[in-house]
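Colleague: next comes the sequence, and after it the predicted model I'd like to discuss.
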Amino acid sequence: MQKVALCMLSVLMHNSIYSMENEAKRVCRRNNTQVDLSAAQRAERQRKQWLTNNLFELSASTEELASLFIKDYIRQGADPNWCDHNGVSPLHRSIEAGNLPVAHVLISARARIDKLTNDRLTPLHSAVRATSPLKRGGLIRYLIACGAQKWQTPEYSPLRLAVERGDYMACIALLSSLSVPAFQTTVEAHVAEELHKLKIELTLPDENGLTLQQLALDRGFQAIAHLVDPNKIGQFRDALLEAGTENP
């Protein structure tokens, strides 16, 4: 809440400065004085960077009220896809913080839903390791419904991360959620394609030669080992068909 309060003060200060800048420009025009275009352009770039920096800082807030400020920042020109030196975007941060309202505002503003960090992690990876365990399943399903690709990073997929962490519910959410199909693809054909990709994922060994089931058994996650048994992928067919029917 303190971060949001500081943000409110910052917005008020910015609006005051912005109003004074506009007034100065109006005075110049009224007096037939030439406004330095390059200086104005620099000022505009600085203004937008200021907004973008605030958006980025606030994107990790757990307060739902933060979404209102972020929406206003974007309206004024903030870049929802700006990343830090690690390639982390505001969407990565909002998802990991478990703030769905902020994530919704960012995605509505065309934040890249499959943006990779320097470590090749997507926002879907961030959902798997969200700070609130109770929100992970909902975040995962929301991102997939918005078009996030489960198999974008086969070398280290969100499912592998969930297995490593021993997160049974995150595994269930990933395995039973259906990604957005290609244009004019039937639900049945799309589910068949998803199961084929899942089969590849479950049989693909990691750099240590372990499949997902072997990894789960090695770490003592018996229930997860049953989930990721490549011989039992048919158990998710009905759930995927149901997901495809609910989200055509």
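Modeller: Nice, thanks for sending it over.
Colleague: so where do the helices sit in this structure?
Modeller: 2-30, 37-58, 66-75, 90-96, 100-108, 123-128, 133-145, 158-165, 168-176, 187-203, 212-218, 222-227, 237-246 (DSSP state H).
Colleague: list the buried ones in stretch 83-102?
Modeller: By neighbour count on 16 or more other C-beta atoms under 10 Å, the buried set for stretch 83-102 is 83, 88-102. Every C-beta, even on glycine, is put in place using the N, C-alpha and C of the backbone.
Colleague: same deal with stretch 114-128?
Modeller: By neighbour count on 16+ other C-beta under 10 Å, the buried set for stretch 114-128 is 115-117, 121-128.
Colleague: then stretch 175-192?
Modeller: Neighbour-count burial for stretch 175-192, counted by 16+ other C-beta under 10 Å, picks out 175-179, 181, 187, 190-191.
Colleague: picking that back up, now the helices of the chain in JSON lines, with distance to Q152 and mean pLDDT?
Modeller: Compiled in JSON lines, the helices of the chain are given as follows (distance: least, C-beta to C-beta, whole Å; pLDDT from 0 to 100):
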{"stretch": "helix 2-30", "distance to Q152": "31", "mean pLDDT": "48"}
{"stretch": "helix 37-58", "distance to Q152": "23", "mean pLDDT": "91"}
{"stretch": "helix 66-75", "distance to Q152": "25", "mean pLDDT": "96"}
{"stretch": "helix 90-96", "distance to Q152": "14", "mean pLDDT": "98"}
{"stretch": "helix 100-108", "distance to Q152": "16", "mean pLDDT": "97"}
{"stretch": "helix 123-128", "distance to Q152": "8", "mean pLDDT": "97"}
{"stretch": "helix 133-145", "distance to Q152": "11", "mean pLDDT": "95"}
{"stretch": "helix 158-165", "distance to Q152": "9", "mean pLDDT": "96"}
{"stretch": "helix 168-176", "distance to Q152": "13", "mean pLDDT": "95"}
{"stretch": "helix 187-203", "distance to Q152": "11", "mean pLDDT": "90"}
{"stretch": "helix 212-218", "distance to Q152": "17", "mean pLDDT": "97"}
{"stretch": "helix 222-227", "distance to Q152": "21", "mean pLDDT": "96"}
{"stretch": "helix 237-246", "distance to Q152": "18", "mean pLDDT": "79"}
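Colleague: who wins for proximity to W151 among the ones you listed?
Modeller: The minimum distance between W151 and those falls on helix 187-203, with 4.9 Å, by C-beta to C-beta.
Colleague: hey, C-alpha coordinates of the closest one in CSV?
Modeller: C-alpha atoms of helix 187-203 as CSV (Å, rounded to 0.1, in the frame of the first residue of the first chain):
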residue,chain,number,x,y,z
VAL,A,187,-11.2,-28.8,-31.1
GLU,A,188,-10.6,-32.5,-31.7
ALA,A,189,-7.7,-31.8,-34.0
HIS,A,190,-6.2,-29.3,-31.6
VAL,A,191,-6.5,-31.6,-28.7
ALA,A,192,-4.7,-34.4,-30.7
GLU,A,193,-1.9,-31.9,-31.5
GLU,A,194,-1.6,-30.9,-27.8
LEU,A,195,-1.4,-34.5,-26.7
HIS,A,196,1.3,-35.2,-29.3
LYS,A,197,3.3,-32.2,-28.0
LEU,A,198,2.8,-33.5,-24.5
LYS,A,199,4.0,-36.9,-25.4
ILE,A,200,7.3,-35.3,-26.8
GLU,A,201,7.6,-33.2,-23.6
LEU,A,202,7.2,-36.3,-21.3
THR,A,203,9.7,-38.4,-23.2
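Colleague: so which elements touch it?
Modeller: Under the contact criterion of 3 or more C-beta pairs under 8 Å, 6 or more residues apart in numbering; DSSP states H and E, helix 187-203 touches helix 212-218, helix 237-246.
Colleague: may I see the buried residues of the longest one?
Modeller: Residues of helix 237-246 classed as buried: 240, 243-244 (neighbour count, 16+ other C-beta under 10 Å).
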